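Student: Here you go, sequence then predicted model.
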Amino acid sequence: MGKDRDQKLLEEIRQFDTPSVTNVVATYPSHPLCLGLYHPLAESWYTDHSLRCMYPELGALAGYAVTAVYGPEDTTFKRLSNMDVYDAMDASPKPTICCFQQKFPPELAGKIGLSGGNMTTAMQALGCVGAVSNGPSRDIDEIRSMKFQYLLSGVSPGHGGQDVYAVNVPVPHSRHGFGAW
């Protein structure tokens, strides 16, 4: 019963566009239906202009967040891998949305297309329906036919070495690390 109710709620959530959600969360704090979760002008919003929907034709998504932090290869910290991210997705209720922070130095941040066709195939096989990231991804044309939604800072053909720094922790949404999803 609980699972069916949760799926129904996720389906209902998909009917609301982002501006409507923003209004309820914080935009009009004096309105009785506004949750007032943060000051709408002084605090970090949950999203901003730095994220772009790659496939608007797929519409809105709703799911359970699985988070990860990726950064440059670090030989001093090899405790986590993509398998830890995939294990978290596998253990999560479905559908999932992968929210991953790309924590690369500024000179690399716009060049590393972290997720591509292979990573998307793995995520989709584990019940993931979309991803949100503060950085670019690659293989966007290949992924389009997979009907897997992406909200990203952009697209980059490049790909570099990376390590998983954390799994299922709060991750910021912007390039500069402000705000939270």
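Tutor: Nice, thanks for sending it over. Numbers count the residues shown, from 1 in each chain.
Student: Thr67 against Val164, yeah?
Tutor: No. The criterion here is Cβ atoms under 8 Å, and Thr67 misses it with Val164 at 11.0 Å. Placement of C-beta: from N, CA and C, glycine included.
Student: helix, strand or coil for Val171?
Tutor: Following DSSP: H, G, I helix; E, B strand; the rest coil, Val171 is assigned to coil.
Student: what about it, neighbour count?
Tutor: A count of neighbours around Val171, defined by other Cβ atoms under 10 Å, yields 22.
Student: now it, nearest residue through space, not along the chain?
Tutor: Gln101 (4.0 Å; Cβ to Cβ, 6 or more residues apart in numbering).
Student: Shouldn't the one you found be within a strand?
Tutor: Yes. Using three-state DSSP, the assignment for Gln101 is a strand.
Student: Look up which residues are beta-bridged to it.
Tutor: Beta-bridge partners recorded for Gln101 (DSSP bridges): Val69.
Student: For Ala60, give me its contacts.
Tutor: Contact analysis of Ala60 by Cβ atoms under 8 Å, 6 or more residues apart in numbering lists Arg14, Gln15, Phe16, Asp17, Thr18.
Student: Give me the nearest residue to the fourth one, chain neighbours excluded.
Tutor: Read that as Asp17. Ala60 (6.9 Å).
Student: ok, the residue nearest to Val171 to Gln149 distance?
Tutor: For Gln101, the distance to Gln149 equals 18 Å [Cβ to Cβ, to the nearest Å].
Student: if we can go back for a sec, looking at the contacts of Ala60, which are in helices?
Tutor: Helix and strand membership here follows DSSP state H; of those, those in helices are Thr18.
Student: Now neighbour count and distance to Cys34 too, for the contacts of Ala60, in JSON lines please.
Tutor: Compiled in JSON lines, the contacts of Ala60 are given as follows (neighbours: other Cβ atoms under 10 Å; distance: Cβ to Cβ, whole Å):
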{"residue": "Arg14", "neighbour count": "13", "distance to Cys34": "21"}
{"residue": "Gln15", "neighbour count": "10", "distance to Cys34": "19"}
{"residue": "Phe16", "neighbour count": "14", "distance to Cys34": "14"}
{"residue": "Asp17", "neighbour count": "11", "distance to Cys34": "16"}
{"residue": "Thr18", "neighbour count": "13", "distance to Cys34": "15"}
